[in-house]
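Participant: coordinates only, sequence not included:
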Ligand code: SF4
Ligand SMILES: [Zn+2]
């Protein structure tokens with residue numbers, strides 16, 4: 001399995017796109033919660049070499065490598081990107097600085113550049129900055145920036161179930177490595193956010209819900225918040241191949257709400273902002289109720305209650321959960337969510 005994953009994912013990287021190295025992948029703003037207060041967060045994705053695991057094999061759902069530069073990006077090019085990101089963070093108290101890999105991996109983001117970026121954000125008045133990292137790079141020596149905003153380290157746990165991590169996600173992460181990284185981050189004064197997946201390949205809808213709930217409950221004592229990430233179809237991934245072959249369907253939005261409902265008492269904030277929500281490539285329901293649920297999830301993410309939406313497709317979702325044991329994998333007949341009415345929507 002792992003060989004097939006590696007072969008497929010690496011084949012997709014044979015012709016790297018001609019990315020402009022002096023420009024970030026993207027910048028945008030989004031509403032966020034900082035110390036129980038709603039703020040406008042400044043977000044940027046820096047173009048880097050990307051995730052080392054993606055270069056070796058990569059996770060089944062991850063298309064981040066589409067935005068990366070094989071061989072890496074020089075510090076000068078990173079500084080040119082940063083010169084465009086910094087003005088975007090003016091007046092922002094909260095920043096999210098993504099790469100398509102690990103900000104704390106010094107072979108991906110050189111420490112001198114990271115320290116410069118942190119110092120400049122600090123000087124610009126940014127109070128908190130979120131970065132992502134694989135657990136193996138979460139060490140005090142990789143976060144020793146001097147003057148810097150408070151740090152929040154987001155770690156992709158994906159699942160706390162070893163079999164799911166290994167066979168469904170294709171990620172070589174050990175539970176001990178995850179908890180050690182949480183301790184390291186907190187010892188260095190950072191807070192920790194965990195990403196947990198909803199419905200990686202080869203799980204049916206009910207199994208996916210159970211696995212996400214179990215993973216969140218297990219992670220909660222070690223982290224400060226959890227983002228539930230419904231798997232979506234990214235370009236050139238194993239998930240995209242399964243999706244095109246009709247062997248995997250994106251999770252229902254009802255399932256997202258169900259996981260959030262079942263983890264309400266886990267002790268930390270759990271929320272979801274589904275990428276591609278409401279489309280066939282992201283978490284969706286029947287299409288009639290999608291927008292109401294997505295709006296409800298946004299309100300919940302910003303501190304509101306769980307969405308209270310009614311729709312007749314909920315009965316079909318419940319039937320699917322009940323039939324989990326006798327259905328194959330995580331795929332559904334096209335049109336099932338709409339009661340087999342109406343056209344296809346991509
Ligand atoms: S999900 Fe994370 S660890 Fe997996 S390939 Fe993508 S960036 Fe790397
Ligand atoms: Zn519906």
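Facilitator: It's in. Every value quoted in this text rests on a predicted model; they were computed, and no experiment measured them. Ligands and ions are numbered 1, 2, ... in the order given.
Participant: Going by C-alpha atoms from here, please, whenever you check contacts or count neighbours.
Facilitator: Fine.
Participant: And the residue of the stretch 201-346 of the chain found nearest ligand 1, how far from residue 279?
Facilitator: Closest approach between the stretch 201-346 of the chain and ligand 1, counting by CA to the nearest ligand atom: residue 237, at 10.0 Å. Here the criterion is CA to CA, to the nearest Å. By it, residue 237 lies 18 Å from residue 279.
Participant: next one: residue 296
Facilitator: Taking CA to CA, one finds residue 296 at 16 Å from residue 279.
Participant: So for residue 156, what's the nearest residue that isn't a sequence neighbour?
Facilitator: Spatial nearest neighbour of residue 156, chain neighbours left out: residue 195 (4.7 Å); criterion: CA to CA, 6 or more residues apart in numbering.
Participant: can you tell if the host helix or strand of the one you found touches ligand 1?
Facilitator: Applying DSSP states H and E as the criterion places residue 195 in strand 191-198. No - judged by CA under 6 Å from any ligand atom, strand 191-198 and ligand 1 are separated, with a smallest distance of 9.8 Å.
Participant: Just give me how far the following helix or strand past that strand sits from the chain centre.
Facilitator: On the C-terminal side of strand 191-198, the closest following helix or strand by DSSP H and E is helix 205-219. Averaging C-alpha positions (CA atoms, centre = their mean, to the nearest Å) puts helix 205-219 16 Å from its chain's average.
Participant: Against which helices or strands is helix 205-219 packed?
Facilitator: strand 191-198, helix 253-262, helix 313-322 (3 or more CA pairs under 8 Å, 6 or more residues apart in numbering; DSSP states H and E).
Participant: Can you mark which positions in the last one are buried?
Facilitator: If I follow you right, that is helix 313-322. 313-314, 316-317, 320-321 (16 or more other CA atoms under 10 Å).
Participant: And the helices in this structure?
Facilitator: 2-11, 52-56, 75-85, 111-123, 162-163, 175-187, 205-219, 238-244, 253-262, 290-301, 313-322 (DSSP state H).
Participant: how far out from the middle of the chain is the fifth one?
Facilitator: A distance of 19 Å separates the C-alpha centroid of helix 162-163 from that of its chain, computed with CA atoms, centre = their mean.
Participant: Give me the contacts around it.
Facilitator: 174-175 (CA atoms under 8 Å, 6 or more residues apart in numbering).
Participant: List the contacts of stretch 305-323.
Facilitator: Contacts of stretch 305-323 (CA under 8 Å, 6+ apart): 205-206, 252, 254, 257, 260-261, 285-286, 288-289, 292-293, 296-297, 299-300, 336-339.
Participant: ok so, going back, report the inter-axis angle for the strand holding residue 195 versus helix 175-187.
Facilitator: 150 degrees (axes from the mean of the first three to the mean of the last three CA atoms, to 10 degrees).
Participant: And the average pLDDT for strand 191-198 is what?
Facilitator: The pLDDT scores in strand 191-198 average 98.
Participant: Parallel or antiparallel, which strands does that strand pair with?
Facilitator: Strands adjacent to strand 191-198 in the sheet, as given by DSSP bridges, are strand 150-158 (parallel), strand 225-230 (parallel).
Participant: Residue 192: how many residues sit nearby?
Facilitator: 24 (other CA atoms under 10 Å).
Participant: ok, how many other residues are close to residue 301?
Facilitator: 20.
Participant: In contact with the residue in the stretch 101-250 of the chain that ligand 2 sits nearest to, which residues are there?
Facilitator: Closest contact between the stretch 101-250 of the chain and ligand 2, by CA to the ion, is at residue 250 (14.8 Å). Residue 250 makes contacts with 199, 230-233, 280-284, as judged by CA under 8 Å, 6+ apart.
Participant: how about those residues in a markdown table, adding neighbour count?
Facilitator: Shown next, in a markdown table, are the contacts of residue 250 (neighbours: other CA atoms under 10 Å):
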| residue | neighbour count |
| --- | --- |
| 199 | 34 |
| 230 | 28 |
| 231 | 26 |
| 232 | 28 |
| 233 | 25 |
| 280 | 20 |
| 281 | 21 |
| 282 | 22 |
| 283 | 29 |
| 284 | 28 |
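Participant: Among those residues, which pair sits farthest apart?
Facilitator: Maximum pairwise distance in those, criterion CA to CA, is 14.1 Å, between 199 and 280.
Participant: just to revisit the earlier point, for the strand holding residue 195, which positions count as buried?
Facilitator: 191-198.
Participant: and the nearest residue to residue 299 once chain neighbours are set aside, how far is that from ligand 2?
Facilitator: What sits nearest to residue 299 in space, not counting adjacent residues and going by CA to CA, 6+ apart, is residue 305, at 7.4 Å. For residue 305, the distance to ligand 2 (CA to the ion, to the nearest Å) stands at 19 Å.
Participant: For residue 305, grab phi and psi.
Facilitator: phi -80, psi 170 (degrees, to the nearest 10).
Participant: How confident was the prediction at it?
Facilitator: So residue 305 comes in at 98 (pLDDT).
Participant: That one and residue 212: what is the separation?
Facilitator: Residue 305 is 20 Å from residue 212, by CA to CA.
Participant: Neighbour count for those two, which is higher?
Facilitator: The neighbour comparison of residue 305 against residue 212 (other CA under 10 Å) goes to residue 212, with 29 against 11.
Participant: near ligand 1, which residues of the stretch 201-346 of the chain?
Facilitator: Residues of the stretch 201-346 of the chain lying near ligand 1 (CA under 6 Å from any ligand atom): none found.
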